[in-house]
Each structure stands twice: as structure tokens, then as C-alpha cells.
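Peer 1: no sequence on this one, just coordinates:
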């Protein structure tokens, strides 16, 4: 308990008819990274906003850096940095002016705030643009400046709400590097994302939420195992029935293959990763089948949801089960009959 | 719990409110100089008001007891310029809301009032400049103070004090309507209605009877009349008390409304 950066118990929040959070529990040990993974509207941002003292929960408790967010919000605010979904920076100030302003509001002396602003613009690859008005920045540069602002006071707990949205690959790598440096220095990070790869890459613990409920949580390895391992993605050449591919390889899978007949595509969950490839090649040759494309990859968020809940994300209606929404959107990948 | 990372923030020490107000004031003054619309509102528009109203109305209206119409007019259009300028404050706070700036400020260890007070302080400095500019423009076409330097200074102070009430009103409106365009309209609408039903352009006695009662209680009438006696001379105690009471009453409503709005403000 003393070493927990974030402890959340039974958090609930309702906005009118929408139950945004329905009893969420989380635990983040100090110095680690928790990835909150889920589709749009899952409750990720609401969770972050409650933990950053912007919203009051309807029920449940949350402690951040040892302080209750509802009872002692000022103590929490002294110990957190927040980078929200929008780049919250003033376009009519320069990059440096934005950061110095935030530093001063955290209570840093002017000289100290300037020094931190210089360090952070350097680290986030904005040194050359620091003296320019933010109005002239690209979306990715604003995003990085926003992250720099959240780091200004070197807070022990950091909240990043979809921090890599809108970043180009280079900006994304730079941000990932900054995050791993921070955690090496003992900063605790809660980040939200819609991308499994990002959560796996950055987070020691992943919590998957949907409709305000925790669907699954664990280390990336545990979740991968529970999601049926990797995915073998096969493309059948024109004129060949993809069901033949599925039939030839089904015994290698940890679950049933998904067949998209129209696209000629077969996706099979497999446990052994690359180790399985010689066996795949052998079976295809023995059956006299061709593939025009073959990939071994991590499951997508949608596939992981399917594995955990039997339904794609956004389909589970905790309050109104059996709602017509379940049949409203035809699934792109039909499940095999057997 | 403290970790090695949490060294830069002076933990446990109260972050000084005055310093945070000054920081927010500095931000808003910088914006004032850099955003073209704001600069026009603070410079060109007040001068245009002085010139347009003076030349458009001075032939038609005979103000009682004053040699020149501009001596009668200037106090009213100073109030108008300040009221119009304050609508930008509602627009700005609604913009801060939609861009997530308020979320960021609310996640920082500063009091709710600091962000709002910093905005109002910047407005007050802008209004001081606007009033000075309008007096200078007015003086160039004949305006003069007739009640001495102390009364002149009191007039400037009263105009800036009225500006505080307009600023807090627009903060409360901007945080209530939550979108910049609506905030601009919500701020301008009451000023336009109250201005044209006040003593700012014409004496209340020239209005139809049913309008006179409203015009006499109208805060723009009360504030304009107090400014007028401070500029032109005459018994000052009663108008000054009435104007101060109106400003105090407006602040008593708008300050808590704005702070409550800010505490519940969210970007979504």
C-alpha cells in the first residue's frame, strides 16, 4: 500500500443515462507503468480525469501518490502531471513561454522554470522551435509540448491520455524513449491507448476496459497467453478456397480460425509464435495449398476483445444485455462454423 | 510516499496565490499584444467609438448644462468600450475550456480563483490603457475635465472598477455557455441592451415615461452618471455611492458564479 502510486477501488461515474465507470479497480505500484487499454468510450478518459482531480467520482475511492483524490485534491495536484487528449498549450505563447508559465504555476522559481523548460524542449526534440509561437507548430509538435508541460515539475505520478495520438513515427519513438527514462528514474505512469502494441511496449501491467468495466488485466505476457497467443494471418490466392487453408492448419491453432471468404483471408490464433512456421510450411506443402501472403502478428484490440469476452469491443451492454445493437453491425470476419 | 522523481515541486509548501495570479496575468497580457482581434478591441475600437459617436450625435442632441456634447458623451462611451472589450474575456475563457487549457490549470496546485483573477487583472490593465486612450482621443476633439485632477483620477478608477464587474460577468457567462461564439454573443447582448436604454447617449428625461424607470435603475446609467459628475462637476457623493453599490452587487453575484463554473468546468 505504501508503495502504490495509484489505488482505485470500485470507481463509479455516471453522466446522465451513460454509466461511464461501473466499479473499476486498479493498482499501480510506484515506479511502474500501467496501460489502460480500450476502445473509444470505454471509460479511459473518465478514469484519468477522476484520478487527476478534474472530476468527482459518484462512488468508490481513488488514492494517488498516497492522497485521496476527492478529500485532498491539492495534495494530489502537487504530485501529478497531466497530458490530456487535446494539446492544451497556448498558441499565442512560444514553446518556452508555455512551459515557464506551467512551471511558475507549479511554484517553481523563474530561473528553475526556465531551466526545466530548456531541458524538456531539448528532450522532446523541440529545442529548435522553443522560441517560436506555438501557433506555428504542427499537431505533433503541440502534442510533444503538451507532454513536456506535464513533465515540468518532475511529478512522481504522470497521467498520459492517448499521448501518441497524432504523433508521427519519429515523435512516437522519442516519446517512448522519454517515458522509459522517466520510469527508470522512479516515475509512475498511467497511460491510455487504443493500441495493443503501444501498451505492450510501454506498460508492465495492462488493464483492458470497456463500458466502464475491467475486462481483463495482467502483464502483457499473461494477457497474450489469455488472448490465445499471436495471430497467423494467411492470404489465400485467387481461385483457392480459404476454408481449405483453415482446415489444413486448424490443428496448430489455440482457437478456431476466423475465415473471411470474400477477402480470401484466414486468421488463426497460435501459441508458439515463430516456432510454428516450419510446421505451417510443412502442412501447406503436404496439402498442396498456396498462400499469397503470410504474417505472424500480435492480436488486434478487436481480436483480444473477442478472445476475452466472446464479443468485439463496444458490443457488451452491461445495463441492457440482449439489446438489438449486437446484431446491428455485420462482423467483417465471420467465425468458422466449427 | 515520495519517490526520487518528485524533487522539483516544493512539496507541502503552499504555492503562492499572488505569484500564480501574476503568471496568469502575464499570459493574458502577452496574448493581448499578439492576438490581432484583441489588439483592435483595445486600440482602434475605443478611438472609433469616440469619433463616431461624437460626430454622429453632436448635431442632434443638446445635453443639459454642458457646452460641448463630447463632455457629456465620453463617460458613456467609455463604459460601452469597456463592456464590449469584456466580451472578449468570455470568449477567451470558453476557448480555454474547449482547448483543454482549463483542464490543465485545474490539474495544477493553484486555487480556482487564481486563473480567473489573473484574467481580470489583465483586463483591468487593458482597461486602464483603453480609458487613457479614449481620454486622449476625446481631448484631441475638445473633451476637458471640469472638476479637477482628483475627480478625474476618481473617474478613471471608477471606470476600471466597472470593468472588473464586466470581466467577472463575462467569465461567468463564458463558463456557463462553454463555447466561444455563444460566449461572445452572451457578453455583447446585455451591454447593447443596457447601453441604449441608459443615459449614455441621451438624458433619461428625454425618454418615454415607461422607459425612464428602467433607464434610471440601469447600471450603465448609474455608472455613467457617476462618471459624468466626476468629469463635469456637481454633487458627487450620492452618484458615487450608487455606482459603487451597483458594482459591488454585480461582483457579489458574478465572482461566486464564475468560481463555481470554473470548478465544474470540463472540456467535454
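Peer 2: Received, thanks. Just so we're clear, the structure is a prediction, and the values are computed from it rather than from any experiment. Numbers count the residues shown, from 1 in each chain, chains lettered A, B, ... in the order given.
Peer 1: now residue B:152: closest residue in space, sequence neighbours ignored.
Peer 2: Excluding the flanking residues, the one nearest residue B:152 by C-beta to C-beta, 6 or more residues apart in numbering or on different chains is residue B:145, at 4.3 Å. Every residue, glycine included, has its C-beta placed from N, CA and C.
Peer 1: with residue B:226 instead?
Peer 2: residue B:243 (3.6 Å).
Peer 1: list the contacts of the helix or strand of chain B with the lowest mean pLDDT.
Peer 2: In chain B, the helix or strand scored least confidently by mean pLDDT, DSSP states H and E is helix B:36-42, which has a mean of 87. Applying C-beta atoms under 8 Å, 6 or more residues apart in numbering or on different chains, the contact partners of helix B:36-42 are B:31-33, B:84-85, B:88, B:126, B:129-130.
Peer 1: low-scoring pLDDT stretches of chain A, where are they?
Peer 2: A:1-2, A:312-338 (pLDDT under 70).
Peer 1: what residue is smack in the middle of it?
Peer 2: residue A:193 (2.2 Å; C-alpha atoms, centre = their mean).
Peer 1: quick one on the thing from earlier: just give the number of residues close to the residue nearest to residue B:226.
Peer 2: Residue B:243 has 23 neighbours, counted by other C-beta atoms under 10 Å in any protein chain shown.
Peer 1: list the buried residues for the host helix or strand of residue A:150?
Peer 2: If you go by DSSP states H and E, residue A:150 is part of helix A:139-151. Using 16 or more other C-beta atoms under 10 Å in any protein chain shown as the test for burial, helix A:139-151 gives A:140-151.
Peer 1: if we can go back for a sec, pretty sure the residue nearest to residue B:152 sits in a helix.
Peer 2: No. Residue state for residue B:145 (DSSP: H, G, I helix; E, B strand; the rest coil) corresponds to coil; a helix is not indicated.
Peer 1: surely it meets residue B:151?
Peer 2: Yes. Here residue B:145 reaches residue B:151: they are 7.1 Å apart, a contact under C-beta atoms under 8 Å.
Peer 1: find residues that contact each of those two.
Peer 2: In contact with both residue B:145 and residue B:151: residue B:231, using C-beta under 8 Å, 6+ apart.
Peer 1: thinking again about what came up before, intersect the buried residues of helix A:139-151 with the contacts of chain B.
Peer 2: Applying C-beta under 8 Å from any C-beta of the partner chain to those, one finds that residue A:149 fall near chain B.
Peer 1: closest to residue A:212 out of the buried residues of helix A:139-151?
Peer 2: Residue A:212 has its nearest neighbour among the buried residues of helix A:139-151 in residue A:150, at 24.8 Å by C-beta to C-beta.
Peer 1: is the closest residue to the closest one other than its chain neighbours in a helix, a strand, or coil?
Peer 2: The shortest distance from residue A:150 to any non-neighbouring residue, by C-beta to C-beta, 6+ apart, is to residue A:81 (3.6 Å). Of the three states, residue A:81 takes strand under three-state DSSP.
Peer 1: after the least confident helix or strand of chain B, next one along is what?
Peer 2: Helix B:36-42 is succeeded, C-terminally, by helix B:44-57 (DSSP H and E).
Peer 1: what packs against that next one?
Peer 2: Using 3 or more C-beta pairs under 8 Å, 6 or more residues apart in numbering or on different chains; DSSP states H and E, the elements in contact with helix B:44-57 are helix B:69-98, helix B:112-140.
Peer 1: averaged pLDDT, it. What do you get?
Peer 2: Across helix B:44-57, pLDDT averages out at 92.
Peer 1: got a list of contacts for it?
Peer 2: B:69-70, B:73-74, B:77, B:80-81, B:84-85, B:130, B:133-134, B:137-138, B:141, B:201.
Peer 1: repeat that for 10 Å
Peer 2: If you take C-beta atoms under 10 Å, 6 or more residues apart in numbering or on different chains as the criterion, helix B:44-57 is touched by B:39-40, B:63, B:68-70, B:72-74, B:76-78, B:80-82, B:84-85, B:127, B:129-143, B:200-202.
Peer 1: mind listing what's buried along it?
Peer 2: Neighbour-count burial for helix B:44-57 [16+ other C-beta under 10 Å]: B:45-47, B:49-50, B:53-54, B:57.
Peer 1: now stretch B:129-142
Peer 2: So, applying 16+ other C-beta under 10 Å, buried residues of stretch B:129-142: B:130-131, B:133-135, B:137-138.
Peer 1: just the closest of the contacts of helix B:36-42 to chain A, please.
Peer 2: Nearest to chain A out of those is residue B:31 (C-beta to the nearest C-beta; 4.7 Å).
Peer 1: who are the contact partners of the closest one?
Peer 2: A:90-93, B:38-39, B:88, B:92, B:122.
Peer 1: what of residue A:37?
Peer 2: Counted by C-beta under 10 Å, 6+ apart, residue A:37 has contacts A:44, A:191-196, A:198-200, A:203, A:206-210, A:215-217, A:223, A:301, A:304-305, A:313.
Peer 1: any idea how far it lies from residue A:128?
Peer 2: The gap separating residue A:37 from residue A:128 is 34 Å, by C-beta to C-beta, to the nearest Å.
Peer 1: and residue A:221, by the same measure?
Peer 2: Distance from residue A:221 to residue A:128, by C-beta to C-beta: 40 Å.
Peer 1: same check on residue A:292?
Peer 2: 46 Å.
Peer 1: which element is the residue positioned nearest the centre of chain B on?
Peer 2: Centroid check for chain B by C-alpha atoms, centre = their mean gives residue B:163 as the closest residue, at 2.6 Å. Residue B:163 belongs to helix B:149-177 when assigned by DSSP H and E.
Peer 1: just residue A:27 next, same as before
Peer 2: Going by DSSP H and E, residue A:27 is in strand A:18-29.
Peer 1: and residue 217, what does it touch?
Peer 2: All of this refers to chain A. Contacts of residue A:217 (C-beta under 10 Å, 6+ apart): A:25-27, A:34-37, A:205-209, A:223.
Peer 1: not what I meant, chain B
Peer 2: B:242, B:246.
Peer 1: how confident was the prediction at it?
Peer 2: 94.
Peer 1: now residue B:105
Peer 2: At residue B:105, pLDDT is 95.
Peer 1: in space, what's closest to it - neighbours in sequence excluded?
Peer 2: Spatial nearest neighbour of residue B:105, excluding adjacent residues (C-beta to C-beta, 6+ apart): residue B:115 at 4.9 Å.
Peer 1: the one you found and residue B:265, how far apart?
Peer 2: With C-beta to C-beta as the criterion, residue B:115 and residue B:265 are 10 Å apart.
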